[in-house]
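S.K.: Mind folding the following:
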Amino acid sequence: MVKTFNDDYEIDLSIEIDKAVKHGEKESIIEQIKNFQKQQDKDESYRKKSKEKYHRDEI
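M.R.: Sure thing, here's the model as predicted:
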């Protein structure tokens, strides 16, 4: 999902994390962004596996 999120909103979460660190944001904010990024990665992986399974079942 991170890739889709980035494509849809043109936001790179890695860059946003770096910006937050440079601006001195609280660790809790940075941790929330990292957790969001991890969740997006999990969601993308799940979607990819589901899509592959669907295509295998069609054949």
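
S.K.: other SSEs contacting the strand or helix carrying residue 41?
M.R.: Residue 41 is located in helix 27-58, with elements delineated by DSSP states H and E. Where contact means 3 or more Cβ pairs under 8 Å, 6 or more residues apart in numbering; DSSP states H and E, helix 27-58 is packed against helix 2-9, helix 13-22. (Glycine included, C-beta is placed from N, CA and C.)

S.K.: and those, which one's lowest on average pLDDT?
M.R.: In terms of average pLDDT, helix 2-9 trails the rest of the helices and strands packed on helix 27-58, at a mean of 60.

S.K.: Just the CA trace of stretch 9-18, in CSV.
M.R.: Extracted as CSV, the C-alpha positions of stretch 9-18 are listed here (Å, rounded to 0.1, in the frame of the first residue of the first chain):
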residue,chain,number,x,y,z
TYR,A,9,-0.9,11.3,-2.8
GLU,A,10,2.7,11.7,-4.0
ILE,A,11,4.0,11.2,-0.5
ASP,A,12,7.0,9.2,0.4
LEU,A,13,6.7,8.2,4.0
SER,A,14,10.5,7.6,4.4
ILE,A,15,11.0,11.3,3.4
GLU,A,16,8.3,12.4,5.8
ILE,A,17,10.0,10.5,8.7
ASP,A,18,13.3,12.2,7.9
